[in-house]
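Visitor: following is a predicted model, sequence given first.
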Number of protein chains: 2
Amino acid sequence: MSIYAASAPVFAHLLTTLSRLLDKAEEFAAAKKIDVDVLLNARLAPDMFPLSGQIKIAAAFAKNGACRLANETPPDFNLDDYKTLADLRALITRTLDIVQSLPASAFEGAGPRDVTFNMGPEIKMTLKGGDYLNRQVLPNIYFHVTAAYLILRHNGVELGKKDFMVDFLKEFMS
Amino acid sequence: MSIYAASAPVFAHLLTTLSRLLDKAEEFAAAKKIDVDVLLNARLAPDMFPLSGQIKIAAAFAKNGACRLANETPPDFNLDDYKTLADLRALITRTLDIVQSLPASAFEGAGPRDVTFNMGPEIKMTLKGGDYLNRQVLPNIYFHVTAAYLILRHNGVELGKKDFMVDFLKEFMS
């Protein structure tokens, strides 16, 4: 299996899903006449990141994961700069541009190549590219995109599982 | 990258994570003197599956995904039979046994091999094994395991991101 097929296009689908979630959040806020920031700041537990944080972390894993597997140094985004709905949309677009700009050929040989990344502020970890994707990037990106979806779902935004899955399968649907 | 490394061991980690979630749910229920069924029946939205359903669906994707990629017909589990905490633990063990019994060699050539599966009661879909894994099994299994985690987190069970990630990385930790 190509490590490209298991990474960049999957990240692109998840970023597109995040865009759809923001559209749904905006529609819901307009219909209910509430500030969309209420949803961007909503959390499932007091010590968890709110919707905005879930989106920022998912985007960071997509950017860092795709660049590192393509053997490029990920550009630094200052995530604190992204606060509003418009900021988050710009972050998703910027991340999607990076993920989609990396050619499949850059991912060749990424499976056995060492990838070093920060596990915490002072902890570095080195894994083979395949393990980095399967054990670090995919679990994290799926966790945070699902959390974003569930924060909205829990707040009453009309979403279905289809809104999570459609981008993955649409090219196979007639 | 090997399709085996991207599937069976990942599913096994996620099943182990589900076991840990059930342990935490049981401890929390005992400490609060509540019936653990309250947690098994908890939902993030009225029209979503409760914790028990999230676990059953995640286990089904692990079983079906692993068997189909290994070119075997998945055994039929009647998910309606699994109701209690003990039932769900038995389901996880049974699923883990299947996933771990499939040899890596059975996954060779799975990437380009056609896999046919049910998208709904009357809808069949055929994808190449690689697409089936990346576009169907992984998104679904991560969605339902994350939902299980977040249902407990939202109900006050003490869980951290580490409880979601530890099984993936423990073999690399010293």
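Guide: Looks like it came in fine. Residues are numbered from 1 along each chain as shown, chains lettered A, B, ... in the order given.

Visitor: residues touching residue A:169, list them.
Guide: Each residue near residue A:169 by C-beta atoms under 8 Å, 6 or more residues apart in numbering or on different chains is listed here: B:125, B:135, B:136. C-beta coordinates here come from the backbone N, C-alpha and C atoms, glycine included.

Visitor: between those residues, which sits nearest chain A?
Guide: Nearest to chain A among the contacts of residue A:169: residue B:135, at 4.1 Å, using C-beta to the nearest C-beta.

Visitor: mind showing which ranges of chain A have poor pLDDT?
Guide: Applying pLDDT under 70 to chain A picks out residues A:174.

Visitor: and with 80 instead?
Guide: Applying pLDDT under 80 to chain A flags the ranges A:120, A:173-174.

Visitor: most remote residue from it's center?
Guide: Computed with C-alpha atoms, centre = their mean, the maximum C-alpha offset from the centroid of chain A is found at residue A:33, amounting to 27.9 Å.

Visitor: follow-up on the earlier one: could I get the contacts of residue A:169 as a markdown table with distance to chain A, secondary structure and neighbour count?
Guide: Formatted as a markdown table, the contacts of residue A:169 follow (distance: C-beta to the nearest C-beta, whole Å; DSSP: H, G, I helix; E, B strand; the rest coil; neighbours: other C-beta atoms under 10 Å in any protein chain shown):
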| residue | distance to chain A | secondary structure | neighbour count |
| --- | --- | --- | --- |
| B:125 | 7 | strand | 16 |
| B:135 | 4 | helix | 23 |
| B:136 | 7 | helix | 22 |
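
Visitor: picking that back up, how near is the residue farthest from the centre of chain A to residue A:158?
Guide: Distance of residue A:33 to residue A:158, given as C-beta to C-beta, to the nearest Å: 16 Å.

Visitor: could you tell me which residues of chain A lie near chain B?
Guide: Contact residues (C-beta under 8 Å from any C-beta of the partner chain) of chain A with chain B: A:1-3, A:5-6, A:9-10, A:13, A:44-45, A:48, A:110-111, A:125, A:127, A:129-131, A:133-136, A:138-140, A:142-143, A:146-147, A:149-150, A:153-154, A:156, A:161, A:164-165, A:168-169, A:172.

Visitor: swap the cut-off to 7 Å and go again
Guide: Counting by C-beta under 7 Å from any C-beta of the partner chain, the positions of chain A adjacent to chain B are A:1, A:3, A:5-6, A:10, A:44-45, A:48, A:111, A:127, A:130, A:134-135, A:138-139, A:142-143, A:146-147, A:150, A:153-154, A:164-165, A:168-169, A:172.

Visitor: having no further points to raise, I will conclude here.
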